[in-house]
Every structure is written in structure tokens, then in C-alpha cells.
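Trainee: Here's my sequence, what's the structure:
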Amino acid sequence: MGRTVSQEEIINIVRENQAKGKTFAATNGCFDILHVGHVRYLQRTKSLADYCIVMLNSDSSVKRIKGDDRPINQENDRAEILNALSCVDYVVLFEESSPAKLLEAIKPDIYTKGADYTLETLPERDIVIRNNIRVEFIEFVRGKSTTNIINKCLDK
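Mentor: Have a look, this model is predicted:
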């Protein structure tokens, strides 16, 4: 079972364990209404390293990105749900719209993103190159998204 840690804590955890030869894969997202696409994505992320870190958008961050009616679930609830997954080792919240600053501070071995990105279109491209972070692009599960779930609920 995972746990939510501060940004300072995750940086220390990563440094201490990388010094012992352990590897970290990190990803980011809102994970507002957890669905099978999220679970498979996180399982794949975990399969790439010893530890899986989820950089989770805070409520204010989700609101800026997705609009005033989001998130559906509060950040503490989203973090608790993610921590209940066996594939998630650490959850760390960030306030910015982008995880760039946190990604650069953590310096995981691997960074995963959805396959709708390429290295050329990756917003964090300069950070991963500068810090020698391997990027893995993970295919989405077709038709599975929080937006689709919300729209289906609203159609009823």
C-alpha cells in the first residue's frame, strides 16, 4: 500500500534509494474518477521500476486545467484511492498546472506519459533530456476516460 508524502520527503526517499541501486518510475495526472485505464497505466508504470510515484494535481491545479466543475473528488480522496492500489508506492501533490518543477526536483529514473504524446510534443521534454530521465509512452485503454464517465452520468 502506498502513502502520500510531501515534496521534500519524496526527494529524500528517491535520493536515498537510488544510492542503493533502486529505481523509480514517476507519472502525473488528476486521477479524478479512477477507471480501468488509470489502473492499467499505473500497473505498467510500476512494472518499469522498483517504485512507482504518482505526482497528483491538487484540487486548485485540476480546476485550472479542467474547469470550475472539477475535480469531482477532492485531492485527499484521490490520493487515498491511489494509495490503495498495490502498484502505487508514493503519491505527492503539486499545485502548479504542470509537474515540471516537481519532476526536475525528484529526478526519477523513468517518466511515463500517455501515448498521445511523443518526445517532441512532451511538455517536460527539456527536463527529461537535461536529467537523463528515460521516457516511456503508455497506450491508453480505448474509450476509458474520466470525461467519458462524467458525460455518461450526465446523459441519464
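Trainee: can you list contacts of stretch 36-47?
Mentor: If you take CB atoms under 8 Å, 6 or more residues apart in numbering as the criterion, stretch 36-47 is touched by 25-27, 29, 31, 52, 54, 82, 85, 87-89, 110, 112, 114, 136, 138, 140-141, 144-145. For glycine as for every other residue, the C-beta is placed from the backbone atoms N, C-alpha and C.
Trainee: Among those residues, name the buried ones.
Mentor: Neighbour-count burial (16 or more other CB atoms under 10 Å) applied to the contacts of stretch 36-47 gives 25-27, 29, 31, 52, 54, 82, 85, 87-89, 110, 112, 136, 138.
Trainee: coming back round to it: tell me which of the contacts of stretch 36-47 fall in strands.
Mentor: Residues of the contacts of stretch 36-47 located in strands (DSSP state E): 25, 26, 27, 29, 52, 54, 110, 112, 114, 136, 138.
Trainee: pLDDT at the third one, what is it?
Mentor: Looking at residue 27, its pLDDT reads 98.
Trainee: dump the residue contacts of residue 16.
Mentor: Residue 16 neighbours (CB under 8 Å, 6+ apart): none.
Trainee: can you check residue 133 too?
Mentor: Residues near residue 133 by CB under 8 Å, 6+ apart: 103, 107, 108, 109, 110, 111, 127.
Trainee: Need phi/psi at it.
Mentor: Backbone geometry at residue 133, expressed as degrees, to the nearest 10, gives phi -100, psi 120.
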